[in-house]
Structure formats: C-alpha cells, structure tokens
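Could you work out the structure for the sequence below:
(2 chains)
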Amino acid sequence: ETGVTQSPTHLIKTRGQQVTLRCSSQSGHNTVSWYQQALGQGPQFIFQYYREEENGRGNFPPRFSGLQFPNYSSELNVNALELDDSALYLCASSLDGGWTYNEQFFGPGTRLTVL
Amino acid sequence: DQQVKQNSPSLSVQEGRISILNCDYTNSMFDYFLWYKKYPAEGPTFLISISSIKDKNEDGRFTVFLNKSAKHLSLHIVPSQPGDSAVYFCAASAKAAGNKLTFGGGTRVLVKP
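As a prediction, the model looks like this:
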C-alpha cells in the first residue's frame, strides 16, 4: 500500500500565472482534502472532494479549484496567482465514514513560491 | 477568526522530562480533536486523538487531555526524547463539517539531550 504522494515538490511562479498541483491518494481512499500552510501558521482547509464531487469548501476564492479522478489522483488549480498564495500546499486522503471521523493521511506537500 | 489556538509557538525541554503542549478552541461544535506531528519537508503525521465524549486518551508516551467546559486540550509527552523534536499541531473536527480539520498555529518542540 503506497502512501500519499504530491508533485512537484517545489514550484516557482510569477504573479498572474496559473498553477496545477497534483496529489495521488492512498489506494482505496475516496476522499481528498487540500490545505494551504503559510509560513509559521497551521494548515488551512481549502476544499474537500468525495467521489469526484466538491464536498465542502473553506474560506478561499473561486480561483482555487480542484478535480478528483477515479484513479485516486486529484489536482489543485490556482488561477491569477497572488504573492500571498506562496505557501506549502498539502493534500490528505481518507476513507469517508459518513458521520464518524476517519484519519487523514497527508502527503509531503508542494512548496509554491509566487514572485 | 482563529477557532483553534496554540498560544505557545515554541517549547524547549530536557530529554527525559515531560513536554506539555496546550491548545484552546472556541467552536462548541467541535467533537473530535487530534494532534499531528510535523518534521521539515514531510507532511503532518497523526499522533493521537480524542473524542469529545472522553476526557483522556493514552497511547504509550503520549496522553491527550480534554476539558470541554474550558474548551482546552493538552498533549503530554513523557518522557521526552530527542526524536520528538518537531512542530506539533492541534486540530479539531465537527461531524457537521465532515472530515474538515481546523488546525492551530503549531508549537515547535525542541528536546535537548
């Protein structure tokens, strides 16, 4: 059983550009969540996908969007990059358990720098 | 509006002694609480959790205490080891919000040999 992987490890973009970050969930996990961790802060919830549909969103603008695919992979897309988007982006996969909490397994993250 | 707060950004402790990390929350809907540990260049890894129906959960050297009336939880690490040096995040979840986690800002722990 492989863990959660993310690509790329590091990325540098300029303001106004678009970026796609990728995540490969643990096999069998039907839920993926994305978090943004700014320097010196805790991770902040961006959104969650369950069976390829968005299933909850945090306080992030629509230029943050995502996709989840049947093969346990997912993407986070950010349009019109701003300097404040510089952060570590973490994805976490889990097996949705309805009304019970199920452990989320985090990937190592993608460090995005916006210049 | 920070719903989960860790007021101590750092903690230094001697090897073998107890490490106590604190976390406060404001949202009464939170019913499940977790501690994650994070090393540089790695994602957070789950350490220990507690449901709101309990006030204590133990796992080896790690114990989490929950005081619902004070909206406060703490993590005790006894005895502390140099490998425990990492950033520790407190996180909370509410059934109504699915698996969404709300994290605190983290506490960096340094265990000195």
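
most centrally placed residue in chain A?
Geometric centre of chain A, nearest residue: residue A:34, 2.9 Å, by Cα atoms, centre = their mean.

near chain A, anything from the one helix or strand residue B:34 maps to?
Secondary structure assignment for residue B:34, by DSSP states H and E: strand B:32-38. Yes: applying Cβ under 8 Å from any Cβ of the partner chain, one finds that strand B:32-38 is in contact with chain A at B:32, B:36. Where you see a C-beta, it was placed from the backbone N, CA and C, and this is true even at glycine.

is it true that residue B:9 touches residue B:110?
No: applying Cβ atoms under 8 Å, one finds residue B:9 not in contact with residue B:110, separated by 11.8 Å.

returning to what we had before: for the residue nearest to the centre of chain A, give me its contacts.
A:23, A:45, A:46, A:47, A:48, A:66, A:74, A:76, A:89, A:90, A:91, A:92 (Cβ atoms under 8 Å, 6 or more residues apart in numbering or on different chains).

Let's see that with 10 Å instead.
A:21, A:23, A:43-49, A:58, A:60, A:64, A:66, A:74-76, A:89-92 (Cβ atoms under 10 Å, 6 or more residues apart in numbering or on different chains).

Ok, residue A:67 next?
So residue A:67 contacts A:20, A:22, A:32, A:49, A:52, A:54, A:73, A:74, A:75, A:76, A:77 (Cβ under 10 Å, 6+ apart).

rewinding a little: give me the distance from the strand holding residue B:34 to the chain's centre.
The chain centre lies 5 Å from the centre of strand B:32-38; the measure is Cα atoms, centre = their mean, to the nearest Å.

Follow the chain on from that strand and name the next helix or strand.
strand B:45-51.

Quick check: buried residues in stretch B:25-40?
When burial is assessed from 16 or more other Cβ atoms under 10 Å in any protein chain shown, stretch B:25-40 yields the following buried residues: B:25, B:30, B:31, B:32, B:33, B:34, B:35, B:36, B:37, B:38.

As CSV, could you dump the C-alpha coordinates of stretch A:95-115?
Taking Å, rounded to 0.1, in the frame of the first residue of the first chain, the C-alpha atoms of stretch A:95-115 are listed here in CSV:
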residue,chain,number,x,y,z
LEU,A,95,-11.9,6.9,3.5
ASP,A,96,-15.1,8.7,4.1
GLY,A,97,-17.0,7.2,7.0
GLY,A,98,-20.1,9.3,7.0
TRP,A,99,-20.7,10.6,10.5
THR,A,100,-17.5,9.3,12.0
TYR,A,101,-14.1,10.8,11.7
ASN,A,102,-11.6,8.9,9.7
GLU,A,103,-7.9,9.5,9.8
GLN,A,104,-6.5,11.7,7.1
PHE,A,105,-3.1,10.8,5.7
PHE,A,106,-1.1,13.7,4.5
GLY,A,107,1.3,14.0,1.6
PRO,A,108,4.7,15.8,1.9
GLY,A,109,3.3,18.9,0.3
THR,A,110,4.2,21.2,-2.6
ARG,A,111,6.1,24.4,-1.8
LEU,A,112,4.8,27.1,-4.1
THR,A,113,6.6,30.4,-4.3
VAL,A,114,5.0,33.3,-6.2
LEU,A,115,7.3,36.1,-7.2
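
buried set for that stretch?
A:101, A:104, A:105, A:106, A:107, A:108, A:109, A:110, A:111, A:112, A:114.
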